[in-house]
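[1] below is the sequence, then the predicted model.
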Amino acid sequence: MAVPSSQWVILNGIRLIFQDLREASRAAEARFGLSGAQLFVLQTLAATAGMSVNELAARTFTHQSSVSGVVKKLVRRRLVRARRSRHDARRLELSLTAAGARVVKRAPDAAQARLIAGLNGLPDAERKRLARGVRRLVRAMGMEGREAAMFLEDHSPES
């Protein structure tokens with residue numbers, strides 16, 4: 001049996017990861033009417049109430065504007081509450097509503113959480129090599145400097 005080329009291994013791995021993310025997002029949509037990104041944000045907020053959008057972006061490894069759009073959708077659906085901090089009026093603190101907590105309780109782990117856990121399970125040196133390789137691939141594809149939305153989430157906060 002021939003050994004697969006490195007390109008085959010890389011593309012197959014990307015396909016498998018994307019397939020898992022897409023299937024999980026479809027399941028969240030069918031069961032809860034939420035995208036996979038929205039479910040991931042709910043589950044992340046469930047772990048630590050009172051986070052700001054910037055803290056949530058850091059925890060989800062996503063740009064602030066992308067997380068902000070997802071949060072706005074969840075606030076409109078009354079799954080997340082955004083309140084001004086009692087200690088700093090400039091700061092919005094995010095927390096789950098009772099309805100949001102019920103969704104989290106019934107939902108499986110978000111695929112993005114599994115992806116992060118998988119990355120965290122890699123040795124540090126391997127994770128750094130992977131990051132360098134992905135950065136070079138993005139640059140080679142002419143996508144450097146572009147902002148990415150959360151996985152399978154429309155970038156527009158209005159949709």
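    Everything's here; your move.
[2] buried set for the lengthiest helix in the chain?
    Counting residues, the longest helix in the chain under DSSP state H turns out to be helix 6-32. Within helix 6-32, the residues that count as buried by 16 or more other Cβ atoms under 10 Å are 21, 24, 25, 28, 32. Every residue, glycine included, has its C-beta placed from N, CA and C.
[3] packing partners of that helix?
    Secondary-structure packing of helix 6-32 (3 or more Cβ pairs under 8 Å, 6 or more residues apart in numbering; DSSP states H and E): helix 36-47, helix 98-106, helix 111-121.
[4] how far off centre is the first one?
    The chain centroid and the centroid of helix 36-47 are separated by 8 Å, computed with Cα atoms, centre = their mean, to the nearest Å.
[5] OK, contacts around the nearest residue in space to residue 91 that is not next to it in sequence?
    Excluding its sequence neighbours, the residue lying closest to residue 91 (Cβ to Cβ, 6 or more residues apart in numbering) is residue 85, at 4.1 Å. Residues near residue 85 by Cβ atoms under 8 Å, 6 or more residues apart in numbering: 91, 92, 93.
[6] before we move on, the earlier item: so which of the helices and strands packed on helix 6-32 is the most surrounded?
    When you average the neighbours per residue for each of these (mean count of other Cβ atoms under 10 Å), helix 36-47 leads with a mean of 24.
[7] avg pLDDT for it?
    Here helix 36-47 scores 95 as its mean pLDDT.
[8] next secondary structure after it?
    helix 53-60 (DSSP states H and E).
[9] buried sites along the helix or strand just after that following helix?
    Once the chain leaves helix 53-60, the next helix or strand it forms, by DSSP H and E, is helix 64-76. For helix 64-76, a neighbour-count test (16+ other Cβ under 10 Å) marks 66, 67, 68, 69, 70, 71, 73, 74, 75 as buried.
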